[in-house]
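Visitor: The sequence and its predicted three-dimensional model are supplied below.
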Amino acid sequence: MSEHNYDVIIIGGGPAGLFTGIACARNELPTLVLEKQKYPIDKACGEGIMPSGVNNLRKLGVAPFLEKYPYHLFKGIRYVSAKGSVAEANFAEGCGRGVQRTKLSAALLECAETLPNLEIQEGASVACSLEENPEVNIKNNVFHPKLLIGADGLHSRVRKLANLEATIPKLKRWGCSTSF
């Protein structure tokens, strides 16, 4: 793929960015995904895939890569409040899947490697401009994609550059993770 010929550049190579990159590449769009960290990236989030997500991974062709990693099926969800109130329900459309974030990313990366028009760069330091047309600068290489996608998380730099408002609630956040 030509170094400067990307229709789509995605800033952020977590599960959402990788999934989006695979979807773009499967639709014959030359795509570059940029991730600032090095893989594997371990976080206590993104480990519970709802049934619709499992179905979307299957449709996108990621499921065969994910099947080789350990997972835990779950048929519903349960919330318990600080006061002990419980709300729970089973999923109508099948089971969800609990999988370590590192394994989900590995499966997405393995799938991405099979696509000739998708490139992943990790450890990428990126500067962006959105004044007229998207411009992305990586190590003094300038790209002008037709579409720039921000998949760079809660405090997205791309969202801020685009002057898109987001109300981030000031709630106490916590996460926990366990492997089965």
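Guide: Arrived safely.

Visitor: So which residues of the protein form strands?
Guide: Using DSSP state E, the strands found in the chain span residues 8-11, 31-35, 48-49, 72-74, 76-80, 86-90, 96-98, 118-122, 126-129, 135-138, 141-143, 147-150.

Visitor: Quick one: mean pLDDT over the first one.
Guide: Averaged over strand 8-11, pLDDT sits at 97.

Visitor: With stretch 93-105 instead?
Guide: 95.

Visitor: want to try JSON lines for the strands of the chain, with distance to D42 and mean neighbour count as columns?
Guide: Quick note: C-beta positions are derived from backbone N, CA and C, even for glycine. Compiled in JSON lines, those are given as follows (distance: least, C-beta to C-beta, whole Å; neighbours: other C-beta atoms under 10 Å):
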{"stretch": "strand 8-11", "distance to D42": "20", "mean neighbour count": "26"}
{"stretch": "strand 31-35", "distance to D42": "14", "mean neighbour count": "27"}
{"stretch": "strand 48-49", "distance to D42": "15", "mean neighbour count": "18"}
{"stretch": "strand 72-74", "distance to D42": "17", "mean neighbour count": "14"}
{"stretch": "strand 76-80", "distance to D42": "23", "mean neighbour count": "10"}
{"stretch": "strand 86-90", "distance to D42": "28", "mean neighbour count": "9"}
{"stretch": "strand 96-98", "distance to D42": "15", "mean neighbour count": "19"}
{"stretch": "strand 118-122", "distance to D42": "14", "mean neighbour count": "18"}
{"stretch": "strand 126-129", "distance to D42": "22", "mean neighbour count": "16"}
{"stretch": "strand 135-138", "distance to D42": "25", "mean neighbour count": "17"}
{"stretch": "strand 141-143", "distance to D42": "29", "mean neighbour count": "13"}
{"stretch": "strand 147-150", "distance to D42": "22", "mean neighbour count": "19"}
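
Visitor: ok, of those, where does mean pLDDT dip lowest?
Guide: Among these, strand 126-129 scores lowest, with a mean of 88.

Visitor: in its sheet, what does it sit against?
Guide: Paired neighbours of strand 126-129 in the sheet (DSSP bridges): strand 135-138 (antiparallel).
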